[in-house]
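J.: I need the structure of the sequence given here:
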Amino acid sequence: MSAKHLFKNYSSIATTGLRRDALAIVEAGLRAVETQAAVHQAVSLKKDVLKMGDKTFSLKSYRRVFVVGIGKAALEAAKALEEILGDRIQDGIVLDVKQGKLKRMKSIAGTHPFPSYENIRATGEIVGLLKAVDSQDLVIAIISGGGSALLCWPHQLECGDLTAMTRVLMQKGATIHEMNTVRKHTSDIQGGQFVRLAYPATIAGLIFSDVPGDELSLVASGPTFLDTSTAKDAKRILEKYHVLSMCKLPECHLVETPKDPSLFTHVTNRSVVSNAHATAAMMKQAKTLGYKPVLYSNKLEGEAHEKGKMFAGLVKPGEVLIAGGETTVHVRGKGNGGRNQEFALGALGSIGEDALVLSCASDGIDHSSVAGAFVDVNVRAKAKILGLKPETYLAKNNSYNFFQKTKSYLDTGVMGMNVSDLMLAMRVR
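T.: Prediction:
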């Protein structure tokens, strides 16, 4: 991440002082959670002692070291682990949305946000690896956002049925907590079942949190955590959103996750990075630029366009209002775009003459080919000239095409990280 600017379209969008300041603040947040740097900061090896945060592992105590990585930060994290551990890594499998070159591990590209047969085949290889380890082995598990869809080993469900259920929950605006509770109880590897498969090997989990509030057991649906939710909880969520009837499924066989604490005595999970690191860096950059930074929340949730409108109305002159989190979109139309673009479009009607609102997916993928969008008075003026009505595009959930026309989208490409979304509203000093 050494490029001068992270936004590929920087020169075309950084046309005002306010825009340049906004982009600088968000770039500071993104650079603060760069995956490889975060791993090198959290993990070190001195002689035969591997240190992960405040936990140490004597590699002399293990016959073999394996790495299993899942999620949108997995490939970059695996590259850093290879630099740290080198040929001490016996083998490994890394399942990400992109494929890359690794020396000691197999890299596989899967699909997101929906499960697929590709994901099932890749997860099958991971299951095979986990079943082959024993008490003399150390398994380093890279767990990052996006892993819920990528790590796919359904419990008595066809892949198409699981995809349909996921789609309905997303369209109905289910929270990440609700989504991942259902995922835990329709899977034979999530919700702590990764640990059961690998038992009695030692497991060291490196967690890259994309969950609002950093509830680590929800990241990638908690494959290495003792799960506190139950199959009854999952059933209530399915009933709440009428998932089975909408998917035309007669029933859904829910599995109970492991509840025996003794299975987890050999498991250590450590947080590597989260959106709190990103928002802290954004706060610092905003202050450096002469603004008054205000942290609204690190766990912002709710309907995206409503939260965008709220943000536009809260910010005061000279302030930068900052948030991290994961809003939702209740899908009513058949357009394109994700929650970050909906957030920005929802703010457009309430934006002041001296203000800007921006929302960016830290992984660079806002359910489309772009990371998010921003709005200001110039975007509003351009929309008026083009005859674009924000309310029409919101009604159709078509924010992507709105911002393609106004050219106020954020293009980062796939970032190799995921700490949920970064949002800001700011007004001229």
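
J.: with adjacent residues omitted, what lies nearest to residue 246?
T.: residue 168 (4.9 Å; Cβ to Cβ, 6 or more residues apart in numbering). From N, CA and C alone the C-beta is placed, and that goes for glycine too.

J.: so what's residue 58 bridging to?
T.: residue 49 (DSSP bridges).

J.: so it is in contact with residue 49, correct?
T.: Yes: counting by Cβ atoms under 8 Å, a contact exists between residue 58 and residue 49, whose distance comes to 5.9 Å.

J.: burial count for the residue nearest to residue 246?
T.: By the criterion of other Cβ atoms under 10 Å, residue 168 has 19 neighbours.

J.: backbone dihedrals for it, please?
T.: For residue 168, the backbone dihedrals are phi -60, psi -50 (criterion: degrees, to the nearest 10).

J.: that one reaches residue 238, doesn't it?
T.: No: if you go by Cβ under 8 Å, residue 168 and residue 238 don't touch, sitting 9.3 Å apart.

J.: next, count neighbours for residue 119.
T.: Counted with other Cβ under 10 Å, residues neighbouring residue 119 total 25.

J.: buried set for stretch 37-54?
T.: Going by neighbour count (16 or more other Cβ atoms under 10 Å), the buried part of stretch 37-54 is 38, 39, 42, 43, 45, 50, 52.

J.: residues in contact with the nearest residue to the third one once chain neighbours are set aside?
T.: With Cβ to Cβ, 6+ apart as the criterion, residue 42 has its nearest non-adjacent residue at 4.8 Å, and that residue is residue 272. Contacts for residue 272 (Cβ atoms under 8 Å, 6 or more residues apart in numbering) come out as 38, 39, 42, 77, 206, 207, 208.

J.: try it again with 7 Å
T.: Residues near residue 272 by Cβ atoms under 7 Å, 6 or more residues apart in numbering: 38, 39, 42, 206, 207, 208.

J.: name the helix or strand for the first one, please.
T.: The reference is to residue 38. Residue 38 belongs to helix 35-42 when assigned by DSSP states H and E.

J.: same for that helix, what does it pack against?
T.: Counting contacts by 3 or more Cβ pairs under 7 Å, 6 or more residues apart in numbering; DSSP states H and E, helix 35-42 is packed against helix 74-85, strand 267-273.

J.: ok, back up a step: please tell me I have it right and the residue nearest to residue 246 contacts residue 245.
T.: No: counting by Cβ atoms under 7 Å, residue 168 stays clear of residue 245, with 9.6 Å between them.

J.: return the most buried member of the helices and strands packed on helix 35-42.
T.: Ranked by average neighbour count under the criterion mean count of other Cβ atoms under 10 Å, the helices and strands packed on helix 35-42 are headed by helix 74-85 at a mean of 24.

J.: got the angle between that helix and helix 35-42?
T.: Put simply, helix 74-85 runs at 40 degrees to helix 35-42, going by axes from the mean of the first three to the mean of the last three Cα atoms, to 10 degrees.

J.: can you name the element that comes right after helix 74-85?
T.: Using DSSP H and E, the helix or strand that directly follows helix 74-85 along the chain is strand 91-96.

J.: element containing the residue of the chain most remote from its centre?
T.: Using Cα atoms, centre = their mean, the residue of the chain lying farthest from its centre is residue 385. It sits 35.9 Å away. Counting by DSSP H and E, the secondary-structure element that holds residue 385 is helix 377-386.

J.: which residue ranges form the strands in the stretch 151-300 of the chain?
T.: Assigned strands in the stretch 151-300 of the chain, in chain order: 202-208, 267-273, 292-300 (criterion: DSSP state E, counting those that start in this stretch).

J.: so what are the sheet partners of the longest one and their directions?
T.: With DSSP bridges as the test, strand 292-300 is paired with strand 319-325 (parallel).

J.: how far away from the center of its chain is the strand it pairs with?
T.: Distance of strand 319-325 from its chain centroid, counting by Cα atoms, centre = their mean, to the nearest Å, is 18 Å.

J.: model confidence over that strand, on average?
T.: Mean pLDDT, strand 319-325: 97.

J.: now do that strand: everything it contacts.
T.: By Cβ under 7 Å, 6+ apart, the list of residues contacting strand 319-325 from outside reads 25, 212, 275-276, 278-279, 282-283, 286, 291-301, 311, 314-315, 420-427.

J.: so where's the stretch 1-150 of the chain shaky on pLDDT?
T.: For the stretch 1-150 of the chain, residues meeting the criterion pLDDT under 70 lie at 1-3.

J.: show me where it has helices.
T.: When assigned using DSSP state H, counting those that start in this stretch, the helices of the stretch 1-150 of the chain occupy the ranges 10-13, 17-32, 35-42, 74-85, 117-132, 147-150.

J.: need the ones you listed in JSON lines with distance to residue 191, can you?
T.: Rendered in JSON lines, the data for the helices of the stretch 1-150 of the chain read as follows (distance: least, Cβ to Cβ, whole Å):
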{"stretch": "helix 10-13", "distance to residue 191": "41"}
{"stretch": "helix 17-32", "distance to residue 191": "30"}
{"stretch": "helix 35-42", "distance to residue 191": "25"}
{"stretch": "helix 74-85", "distance to residue 191": "19"}
{"stretch": "helix 117-132", "distance to residue 191": "14"}
{"stretch": "helix 147-150", "distance to residue 191": "10"}
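
J.: for residue 370, which of the ones you listed is the nearest?
T.: With respect to residue 370, and counting by Cβ to Cβ, the nearest of the helices of the stretch 1-150 of the chain is helix 10-13 at 11.3 Å.
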